[in-house]
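>>> Sequence and predicted structure are below.
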Amino acid sequence: MFQLQSKMKFFKQIHCLIITRAFSVNTPNFTKRWVAPTLRELRHRRNKFKSDVFTARNTFLEWNYNAEIFAFGKRLNEDFNMKHLQVAFIDISYTNQEQHRQTTLEFDPPLNMQNNRELVEIGEKCISDYVQSYLQFSLPKCPQEGIIKIFKWLTSEEMLSNISLNIGTKDLTLCAENCPSQKVLRDVFVAVIGALSKSADDRKVYNFVRDFICTQLNQKDLSEIMNFDNAFEELKTVCKKREIGEPTPRLLAQNAAKTVLATNYVGVYGNQKLLGKGFGESINIAIEAASIDALCKIYGIQYNRKTFSFDLQS
């Protein structure tokens, strides 16, 4: 590790020296011919070292794990129980690895290590309870199928791991791999919520979930999450259930027909009222776009709806 840092420092010093010599005030106003190939070679060598070795933050000499755990809680402005917060960062793969190592070294008795499985279960319940309640309150016209789709998008592994990465859990996570995977980062974030549930009251837990998870809905096009496969058929079903009337598509305008720049403007009507409108290269595509627009208005998820309120208290 020390040799790698020394080599990287040496490359940086050489890079600065080359730049200084190439652009010295004592030389004419042009770059030396040897500068470009030398810089390319140095960059190639730097990239080679970076790709071969991943430098984890906890391998640095000045790393203080307990201080970093304490600072993590203070950065989030939450009062965690330090014992629960430390357990939240211990993945089950790390405890399995340590138990295997103790068995190999014949520890007697073996050390009993905790992992974050219990905290993950508690955190998942907190997320499920609050996020679904928040969505049902904020989108009262949206059907339960739509609420479930939005909930799955908000609590997907990719979303939660991205939130976890951005609040700084990567360097604190203890797992078998040197670089935590998406699943490990997701579990750590959920376990942090579980640790907060054991350290504070429900109001703080729900506010934490709202601030970090529900805010991902800000300026998001919900129609993309809903992913309407056959919008016109779904619109027929919805109109029948809500007694709106049979939806009827009508061509409102057409431009450049039978050319590559053809544009069709279609509106969908029900009970002689305009439900939605949309554009398309063909009439069928325009009907689908108009049906999606109509469904978004019926469900209350259109793009010009009232924005989500993130000041709601639990």
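Happy to help now that I have it.

>>> can you pull up the bridge partners for residue 249?
Beta-bridge pairing of residue 249 under DSSP bridges involves residue 268.

>>> How many residues are close by it?
Residue 249 has 22 neighbouring residues, counting by other CB atoms under 10 Å. (C-beta placed from N, C-alpha, C; glycine too.)

>>> Could you chop the protein up by domain?
As assigned by automatic domain parsing, the chain contains the domains 2-53, 65-217, 222-299.

>>> Figure out which of those domains is closest to residue 309.
Among the domains of the chain, the nearest to residue 309 by CB to CB is domain 65-217 (7.1 Å).

>>> just for the stretch 101-250 of the chain, where's the confidence low?
Scanning the stretch 101-250 of the chain for pLDDT under 70 picks out 107-111.

>>> need the strands for it, in chain order.
Counting by DSSP state E, counting those that start in this stretch, the stretch 101-250 of the chain has these strands, from start to end: 248-255.

>>> Help me confirm that residue 278 is found in a strand?
Yes: counting by DSSP: H, G, I helix; E, B strand; the rest coil, residue 278 is located in a strand.

>>> Give the burial count for it, as a bare number.
If you count neighbours by other CB under 10 Å, residue 278 ends up with 22.

>>> swap in residue 207?
What residue 207 shows, counting by other CB under 10 Å, is a neighbour count of 18.

>>> How much space separates it from residue 200?
According to CB to CB, to the nearest Å, residue 207 and residue 200 sit 10 Å apart.

>>> out of the domains of the chain, nearest to residue 310?
So among those, domain 65-217 is nearest, using CB to CB, at 5.6 Å.

>>> Next, the distance between the ends of that closest one.
34 Å (CA to CA, to the nearest Å).

>>> How far does that domain sit from its chain's centre?
Chain-centre distance of domain 65-217: 14 Å, with CA atoms, centre = their mean, to the nearest Å.

>>> got it, and stretch 39-48?
Its chain's average C-alpha position is 32 Å from that of stretch 39-48, according to CA atoms, centre = their mean.

>>> just the CA coordinates of stretch 242-251, formatted as CSV?
Taking C-alpha atoms only, stretch 242-251 is exported to CSV below (Å, rounded to 0.1, in the frame of the first residue of the first chain):
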residue,chain,number,x,y,z
ARG,A,242,-65.7,5.1,-13.4
GLU,A,243,-68.7,5.5,-15.8
ILE,A,244,-67.0,8.1,-17.9
GLY,A,245,-68.3,6.7,-21.1
GLU,A,246,-66.7,4.8,-24.0
PRO,A,247,-63.5,6.6,-25.0
THR,A,248,-63.5,7.8,-28.7
PRO,A,249,-60.4,8.9,-30.5
ARG,A,250,-60.7,11.8,-32.9
LEU,A,251,-58.2,13.3,-35.3
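
>>> Tell me the buried residues in that stretch?
Neighbour-count burial for stretch 242-251, counted by 16 or more other CB atoms under 10 Å, picks out 244, 247, 249.
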